[in-house]
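Novice: the sequence isn't on hand, but the structure is:
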């Protein structure tokens with residue numbers, strides 16, 4: 001697998017997608033810190049998801065964890081939005 005990846009480096013993104021966007025912002029650090037506490041972190045995450053709504057919550061999460069969220073298949077994004085909306 002590594003041999004294939006080395007021959008097709010254009011298909012492999014780094015594990016740290018924010019390297020292209022600069023350092024984390026203060027609100028991002030605050031969110032990550034809040035998530036560390038199991039009870040309050042869960043409540044903070046679900047409250048944020050309710051405020052954003054399913055589509056924005058999924059798109060925000062994908063922007064955080066993906067180097068190129070625009071490259072994801074639309075059907076995968078829609079499936080995640082539907083799953084988020086279903087609870």
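Specialist: Received the coordinates, thanks. Since the structure is predicted, the reported quantities are computational estimates derived from the model, not experimental observations.
Novice: what residues of stretch 40-50 count as buried?
Specialist: Going by neighbour count (16 or more other CB atoms under 10 Å), the buried part of stretch 40-50 is 44, 49. Bear in mind the C-beta positions are built from the backbone N, C-alpha and C, glycine included.
Novice: try stretch 26-40
Specialist: For stretch 26-40, by 16+ other CB under 10 Å, it's 31, 34.
Novice: what distance separates it from the middle of the whole chain?
Specialist: Counting by CA atoms, centre = their mean, to the nearest Å, stretch 26-40 is centred 15 Å from the centre of its parent chain.
Novice: in what helix or strand does residue 31 lie?
Specialist: Residue 31 belongs to helix 26-36 when elements are defined using DSSP states H and E.
Novice: and that helix, what does it pack onto?
Specialist: Using 3 or more CB pairs under 8 Å, 6 or more residues apart in numbering; DSSP states H and E as the contact test, the elements touching helix 26-36 are helix 38-52.
Novice: show me what the helix it packs on is packed against.
Specialist: helix 26-36, helix 54-65.
Novice: give me that answer again for 7 Å
Specialist: helix 26-36 (3 or more CB pairs under 7 Å, 6 or more residues apart in numbering; DSSP states H and E).
Novice: which residues touch the helix it packs on?
Specialist: 40-41, 44-45 (CB atoms under 7 Å, 6 or more residues apart in numbering).
Novice: just flag the most distant two among these.
Specialist: 40 and 45 (9.6 Å; CB to CB).
Novice: list the residues that contact residue 44.
Specialist: So residue 44 contacts 34-35 (CB under 7 Å, 6+ apart).
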